[in-house]
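1. Predicted model, plus sequence, below.
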Amino acid sequence: MKAGIIAAGEGSRLRNEGIGLPKPLVPVDGTPLIERLIRTFIRHGITEIACIVNEYSLDVKRFVDECRFPVKISFVIKTTPSSMHSLFALAPLLRNERFLLSTVDAIFREEEFTSYLRYSEKRDSADGVLAITNFIDDENPLYVEIDAEQRIRSFSKTESSQWITGGLYVFSPGIFDEMENVRLKKIARLRNFLGHLVEHGYVIEGFPFSKMIDIDHVRDLDTARRWIAEVNGNGQNSTRYEGGDFGVR
């Protein structure tokens, strides 16, 4: 399976809180977000990765190139207005087969990620399988209504279920057939694109994770650090985010 990484956001909330690094290079538990994600993908057999970064974050591409990961990593350099536009910009690199898509700042349990990929590989009849979680610590969550078969029936910005999206998606390339339709409808965000897919009969399923964290604020870094230490069973090798080499101005 190929993988796509959306890393084209500005990270404005982190920057406004004093973080001087591009979000993909911000370390969590000592490892930059993008490196953490790529190494997880490699451990799970991903052999090709397409990544989009904005024109002001070329340090991210240089960092990844210098890591010399043992898989092919292609970059799209483009400043986009939303994650949906970033996904569409990656389409030429992803549209030939089923693919994994991730935001750059998703933090999750690796064993659950393993189960998620295994489940997704068996669900050929589904056009998409989304990671969902009932851990809600997001200022703008996207709520998910699922039925008994785990099929997603609707999305909502208001609290309507115990589940929200978690930043990991496995998609059939058939979703790209809707690109022109959503452009004509002036749909502008990934969450609205997901709703469009469900409304137009695409089979989108949810796969539950116990906990997922996305990094939007400095406090999220400490939340992630504490949780990683808990998952690992100890607090060793976890450093509180206090600036210095972490790029705080």
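-> Yes, it's here.

2. Excluding chain neighbours, what is closest to Ile42?
-> Nearest non-adjacent residue to Ile42, counting by C-beta to C-beta, 6 or more residues apart in numbering: Val71, 5.8 Å away. Backbone N, C-alpha and C define where each C-beta goes, glycine included.

3. Check whether that neighbour really touches Gly45, as I assumed.
-> No - using C-beta atoms under 8 Å as the test, Val71 is too far from Gly45 to be in contact (9.7 Å).

4. quick one on the thing from earlier: list the contacts for the residue nearest to Ile42?
-> By C-beta atoms under 8 Å, 6 or more residues apart in numbering, Val71 lies in contact with 38, 41-42, 46-49.

5. Including secondary structure and distance to Arg123, could the residues you listed go into CSV?
-> Output for the contacts of Val71, formatted as CSV (DSSP: H, G, I helix; E, B strand; the rest coil; distance: C-beta to C-beta, whole Å):
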residue, secondary structure, distance to Arg123
Ile38, helix, 24
Phe41, helix, 19
Ile42, helix, 23
Ile46, coil, 18
Thr47, coil, 21
Glu48, strand, 21
Ile49, strand, 22
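
6. Buried subset of those residues as a PyMOL selection?
-> To isolate the buried members of these in PyMOL, using 16 or more other C-beta atoms under 10 Å:
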select buried, resi 38+41+46+48+49
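
7. in what helix or strand does Arg191 lie?
-> Per DSSP states H and E: Arg191 is located in helix 190-199.

8. Same question for Arg36.
-> Counting by DSSP H and E, Arg36 is found in helix 33-43.

9. and the gap between the closest residue to Arg43 other than its chain neighbours and Lys23?
-> Leaving aside its chain neighbours, Arg43 sits nearest to Glu110 (7.6 Å; criterion: C-beta to C-beta, 6+ apart). With the distance defined as C-beta to C-beta, to the nearest Å, Glu110 ends up 21 Å from Lys23.

10. ok, now Glu35?
-> 13 Å.

11. Same question for Leu37.
-> Using C-beta to C-beta, Leu37 is found at 12 Å from Lys23.

12. Each with direction, which strands does the strand ranked longest in the chain pair with?
-> In the chain, with assignment by DSSP state E, the single longest strand is strand 163-171. Strand pairing for strand 163-171, using DSSP bridges, gives strand 99-103 (antiparallel), strand 128-133 (antiparallel), strand 143-146 (antiparallel).

13. Just tell me which of those ends up closest to Asp216.
-> strand 99-103 (10.5 Å; C-beta to C-beta).

14. who does the next helix or strand after that closest one touch, helix- and strand-wise?
-> Beyond strand 99-103 on the C-terminal side, the first helix or strand identified by DSSP H and E is strand 106-108. Secondary-structure packing of strand 106-108 (3 or more C-beta pairs under 8 Å, 6 or more residues apart in numbering; DSSP states H and E): strand 163-171, strand 212-214, helix 218-232.

15. Residues in contact with the first one: which ones?
-> If you take C-beta under 8 Å, 6+ apart as the criterion, strand 163-171 is touched by 1, 98-103, 105-106, 108, 113, 116-117, 120, 127-134, 136, 138, 141-146, 155, 191, 194, 206, 208-209, 212, 214.

16. swap in stretch 39-54?
-> Contacts for stretch 39-54 (C-beta under 8 Å, 6+ apart): 1-10, 22, 24, 31, 34, 38, 60-61, 64, 69-80, 86, 89-90, 93-94, 100, 110, 113-114, 117.
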